[in-house]
Each structure stands twice: as structure tokens, then as C-alpha cells.
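Asker: sequence and predicted structure are below.
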There are 2 protein chains.
Amino acid sequence: MERNSERRRLPPLNALRAFEAAARHLNFSRAADELSVTPGAVSQQIQNLEDYVGAALFKRTPKGLLLTDAAQTALPALREAFDRLAEAASMLTAAVDGRRLTLTAAPSFAAKWLVPRLGKFEELHPQVDVWLSAGLELVDLSTGEVDIAIRYGAGRYPGLEVSRLIGETVIPVLSPDLQATNPLNTPADLAGHVLLHDGSPEPDDSCPDWTMWLAARGVRGVDGARGPRFNQSSLVIEAAVNGRGVALAKRTLAQADLDAGRLVAPLQIATAVDFAYCVVHPKAKGRLPQVKAFLNWITAEAEAHEAALLALDNGAGI
Amino acid sequence: MERNSERRRLPPLNALRAFEAAARHLNFSRAADELSVTPGAVSQQIQNLEDYVGAALFKRTPKGLLLTDAAQTALPALREAFDRLAEAASMLTAAVDGRRLTLTAAPSFAAKWLVPRLGKFEELHPQVDVWLSAGLELVDLSTGEVDIAIRYGAGRYPGLEVSRLIGETVIPVLSPDLQATNPLNTPADLAGHVLLHDGSPEPDDSCPDWTMWLAARGVRGVDGARGPRFNQSSLVIEAAVNGRGVALAKRTLAQADLDAGRLVAPLQIATAVDFAYCVVHPKAKGRLPQVKAFLNWITAEAEAHEAALLALDNGAGI
DNA sequence: TATAGCGTTTAGAGAACCTAAAGCCCATGC
DNA sequence: GCATGGGCTTTAGGTTCTCTAAACGCTATA
């Protein structure tokens, strides 16, 4: 704890503000206009401050006002102080003024889907600062600290406005190199592969793990419990990109890597799951212009994403 | 006029101050102690500010207070702003707090006598900032802007505390080089010299100019009106130091150059004048510690100066 | 000599600010 | 389990600041 700034002895702050304005204009009436008060009020505030500091701040001459040397010397610091105050105040009100948008999203979705697209939003709305907090908690929404949350779940968020963004499927993926050296052409080929497990902690019963996936396809002789496990979906995908094995990946998150050729999905067996990505926000936030803009934008992005997937799948015959 | 800082929209300043203190302590009660108010007052100020900015600033958790991201971000600017305010306020009150001493002196006396000695005062009182304004006006004393004036005059300053510092004499001086090439051993030798004139505008009838000086000594054949003229006594001395001629110099101002051998006074004819250097201050300022300290110091310096002159003159037989 | 501009003064109204006391919540400890 | 204490909040009411309105004084200008 810094002691130096504690117990600062400060003059009446409003008197300082009046003085700063009056010194800037060298004219009490114009200062009064700026502060939306009467000249008398400014005069009194200045006298108040002069009493406090025990010295005159202005030389009242017949030709007009002049600053005393002491006042002249103090003025730059004073102006800077009020500029900083205004700056701090502006930071506090940025969210309400439409200049800041605070998002929270699940870490994997943020990394693999949202962040790569956010630049487009920022180009469309350069006046908005986007603050993104990646995390699993939803509590921030009720405290008002966060404007919009993007969550992976069943879409049940009582008391909040929810709209479904993108559905999810899981699909086995691996790196092209691995596919070249150790082809995966049928589910049975999995016997010769390391299985990468998504251990992210969402309670989606419909989302198959390797054990369920193998059982559903009648694959025998493969232990669906073995292999490395990652607590974030994006890490499983990274591991697959790095050729460490075959991941049963969330396709929304893996799509960018599939598009870029860092991953392949030779089996082309996508399994739909119940959970989906949803945008959630408190009703009151819906009035903020930056929130409206973001909701419009992300909805369009999601639709484009799903349309692109559909086109791909039709072409590939999934 | 900078427009950017006009019409700054600022939150209630006292609320900002309460917030800054509360954010620093993360504890309303301790902030209240610092501000010398009750915790309830702080709580209300914070709510006031939260209403103003339209968002929470603190997260009230069972474990204690936490800052919201926005508040956290704004805090450094806020702290700096209040530091600057305190700094500005300190500058305004420096004179009253004994940390600043404002002097005014005649320019020549300031340059030739005061400034060379001021370093000693500042060493004795390092906590005092000395502001020296060289000028001829005395008006500043009545406005309270200046603590002490040092003036050359007859010592009549109604309504002000006056004490006589140093008497004055005038004496012909020239540079040692000039004396070597064109000796000045009797007043009549002045016929072969350029006369340097002190045109400083003080109304001292007893202070001789060259015309009066020559007439008083019955010197003939020298035009006492010719030669360069300077509107400050110190400039006349500089001209003499530079070998441009013979100055009828104020000895108090010339003494340092005489001591240093930059000037010589071969005629050793000093003429006393009526005016003297006086320290003047408004009675009310006499209570300020820095004013008392300076008066003591300069009185002692003046006595030392006059004693040194006396010793010199006795040795030289003037 | 009239007029306009500008700072100052005054009384009184209004807003901001504070205190005191009670209330509430939660953690801690016996 | 229940008392205790720390800490924020709420409420009512009083105090202090701050503002306005209007009259005043002064100076410069027409």
C-alpha cells in the first residue's frame, strides 16, 4: 500500500474546477457559461479557494483578469488533473456510452471460432472496444459486468435472452501426415491409432466419447478409454493437428483447421449432439447499441458458417 | 484556446474521490477513515457514482470487495488525477506553507548583489523555493503576490515595514586593461576617456552624474554629457568591465567586480548619495517563517558587506 | 452622459453531503 | 449452534455547500 498518496489534503474540488475554468478563460462569466452556473457562483467559488489557499489567485485589474504567478504555475498541473479525471470517467462510462462491449465465451469457442472472426466486427465498428473474457462462468451476466455471453449448452438460461447460434456435431479427425502414414479409412482402423479424448466438463449426455462412439458403431478390439485427455476441446484439436492421434472433435471448433488442411476427416461420420452454441444477454443490455450491433453481426456470421458447412457436406455426401 | 478540454463532462468530484479511496483500500470503512467521514457516507458516494456511470464499480462478495474490470482500468488514471490535483494545490499554498519566498528587487541590485549571494540562503534553507522577480514596480507588495521587496530609494514606503540595508556611493571605475593603456590618475585624466553614463531612472537628486561630478571637482575641458548611456546601473558596470570607458558606478553594485579585479578605482574618490537599499515587506508577511528567515539572513549579509567595505577603505585611505 | 461588460455582494432557496442508528449478511469461534 | 464482530447498506434528518437572482460598483466606450 502506497502511503504517499493517502491523506492527501485537497482544497474543495468544485472550487478547483471553477478556478481551472476561470483561469482558462480569464473571464468569470465565460467560465460560468462553461460550468452552466451564474457568474456569481464562480466568483464565490474562487473566493472560497482564495480563502483556502490564503492568497489571491487572480489580479483583478481594470483591464481584466490576470493570474498571479502562483496560480499560473499551478494551472498546468490542474488542467492535466482534470483531463485525467475526464479520461477516467470516460473509461467508467464507456460501456454505457456504447464504446465498449464486454463478451464472455467458453475458452475453446473463443479461441477456435470467435477470435478469428472478431477482427471483422472490429472493422465494422471501430469505435467499439471489445473486451473478451474467456471462461466457463456465467455469473458475470447477472452482475452486469458482461454484456454478452456465448455459451455451449442446452440453451436454458432463465431470465436471460437467448438465441441459438450454431449446432454441434462430433467427428473423428487427424492430421494429413498421420493419415498418410497410418490411414484411417474405416472405424476398425482406429485400432491402430492413439485416441485423443475431450475431457471438457460439460454435462451433455448426447455428446459421445470414444467409448460410446465405438460401441455405437460396433467396433471391437479398441479400448475407448485409453489415450491422452485434455480439459479443453481446443487442446484436443491442437493435439490432432500435431499428429498425436485421432480426436473425436467438435466440428465447429475443428472446421477452421479442416478448411486449412491441417486436419482431415476421412471417415466423414458426423454425429449430432444436443448442445449448441448460444448467445445470451440480460434483457436490459439489449438496448445498448453495441450489443445490438454485435448480436446482428454474430447471427449473420453463424448463419454463414452453417451454410458453408451444409454446402461442404452436400458436396462430400455426408 | 484549446477546445478539447472545454465542457468536460465530469461525474460528481467528491464521489470520484470517495471511489478512489475505496478502490485503493478495497474497504469502505478504511476509506471513510481516510476521508474523515462515516462508512455510510462512502457507501452513498459510491452508489451515487455507480448511478452516474450506469454500472457497478465494485463486486460485493462475501469475502470482501473486488473492483469490476472497468473500475480497475479507470483507477490508475484516477489516482494520477488526484495526485496532480494535490500537487497543484500544494503549489497554490506553497507561499502560505512557508515553502516559497517571493522576492522582487531592482534589476541591477538583483544581478550584481543579490543573486550572487542567494545561493547561501538557499543552502541554509533548502526547503524554501525562492522566486525572484526583477523589476522596478512595488505594486506587487500590496497585492500580496510578493513577500519581500528590495528597493533602492529614500526609504519612504508608507504602510510597509522598511529597514535600511546598505548605503550607496558612486565612484569612477574602469577596467585594469584600460587603466594600463590609458591611466586615470587624476580627475583631469578623464578628458582622454569615454564616459559611461548611468541613465537608470531613479529620482535621486543627491546622486551625481558625470556633469555634476566634474563640476564639483572643478574639472574643465571635459564634456560630461557625452558618451554612451545605459538604462540599468548594472549595464554601465558591464560596459566598464569590457573596457569601453570610465563609469561613475554605484559602488555596491561594482564591488564584486572590484574584488575580482575586473575593475579598478584608481581615483579612490567615493561620493555618498542619499538613496540606500532597503528591504520592504507588508507587515502581515512578517509572520511567515520564510520571510523572517530571509530578513535575518539579508540583514547579516548587508552588515558583512558594509564591514568589508569599511575595512577596505581604511586600508586604502579613502 | 448613457450604455454595456464584468466582477462582487447579499439573502435565501435548493442540492449535496454527512451522521447516527438500525439492519443485514456472513465468517469465526466457543 | 449460537453469539460475536466486521463490514456494507439503508433511512431519516440535520448541516454544509452551492446556486440563483437581483442590485451594486467600476470601467471603458459611444
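Answerer: All right, it came through fine.
Asker: if I look at the residue of the stretch 101-250 of chain A found nearest DNA strand D, what pLDDT would I see?
Answerer: The nearest approach of the stretch 101-250 of chain A to DNA strand D comes at residue A:143, 12.6 Å away (CB to the nearest atom of the strand). In short, each C-beta sits where N, CA and C put it, glycine included. For residue A:143, the model assigns a pLDDT of 75.
Asker: any idea how far it lies from residue A:137?
Answerer: Distance check for residue A:143 against residue A:137: by CB to CB, to the nearest Å, it reads 11 Å.
Asker: what about stretch A:243-260, start to end distance?
Answerer: 15 Å (CA to CA, to the nearest Å).
Asker: biggest strand in chain A, by residue count?
Answerer: What stands out as the longest strand in chain A, according to DSSP state E, is strand A:160-173.
Asker: for the helix or strand just after that one, buried residues please.
Answerer: For strand A:160-173, the following helix or strand on the C-terminal side (DSSP states H and E) is helix A:176-181. Across helix A:176-181, burial judged by 16 or more other CB atoms under 10 Å in any protein chain shown covers A:178, A:179.
Asker: how far is helix A:176-181 from where the chain is centred?
Answerer: 36 Å (CA atoms, centre = their mean, to the nearest Å).
Asker: just stretch A:15-33 next, same as before
Answerer: Relative to its chain's centre, stretch A:15-33 lies at 41 Å (CA atoms, centre = their mean).
Asker: any chance you could list what contacts it?
Answerer: A:10, A:34-35, A:38-39, A:41-43, A:45-46, A:48-49, A:52, A:57-58, A:64-67, A:71, A:75, A:78-79, A:82, B:1, B:5-6, B:10, B:13, B:85, B:88-89 (CB atoms under 8 Å, 6 or more residues apart in numbering or on different chains).
Asker: can I get that stretch as PDB, trimmed to CA atoms?
Answerer: Extracted in PDB, the C-alpha atoms of stretch A:15-33 (Å, rounded to 0.1, in the frame of the first residue of the first chain):
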ATOM      1  CA  ALA A  15     -13.700  25.300  -6.300                       C
ATOM      2  CA  LEU A  16     -10.700  23.900  -8.100                       C
ATOM      3  CA  ARG A  17     -12.800  23.100 -11.100                       C
ATOM      4  CA  ALA A  18     -14.200  26.600 -11.100                       C
ATOM      5  CA  PHE A  19     -10.700  28.100 -10.800                       C
ATOM      6  CA  GLU A  20      -9.400  26.000 -13.600                       C
ATOM      7  CA  ALA A  21     -12.200  27.100 -15.900                       C
ATOM      8  CA  ALA A  22     -11.900  30.700 -14.900                       C
ATOM      9  CA  ALA A  23      -8.100  30.700 -15.300                       C
ATOM     10  CA  ARG A  24      -8.500  29.200 -18.800                       C
ATOM     11  CA  HIS A  25     -10.900  31.800 -19.900                       C
ATOM     12  CA  LEU A  26      -9.600  34.600 -17.800                       C
ATOM     13  CA  ASN A  27     -13.200  35.600 -17.600                       C
ATOM     14  CA  PHE A  28     -15.600  34.600 -14.900                       C
ATOM     15  CA  SER A  29     -18.700  35.000 -17.000                       C
ATOM     16  CA  ARG A  30     -17.400  32.700 -19.700                       C
ATOM     17  CA  ALA A  31     -16.300  30.200 -17.100                       C
ATOM     18  CA  ALA A  32     -19.700  30.300 -15.600                       C
ATOM     19  CA  ASP A  33     -21.200  29.600 -19.000                       C
END
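Asker: which positions in that stretch come out as buried?
Answerer: For stretch A:15-33, a neighbour-count test (16+ other CB under 10 Å) marks A:15-25, A:27-28, A:30-33 as buried.
Asker: same deal with stretch A:76-89?
Answerer: A:77-89.
Asker: and if you look at stretch A:127-146?
Answerer: Under the neighbour-count criterion of 16+ other CB under 10 Å, stretch A:127-146 has A:128, A:130, A:131, A:133, A:134, A:140, A:141, A:144, A:145, A:146 buried.
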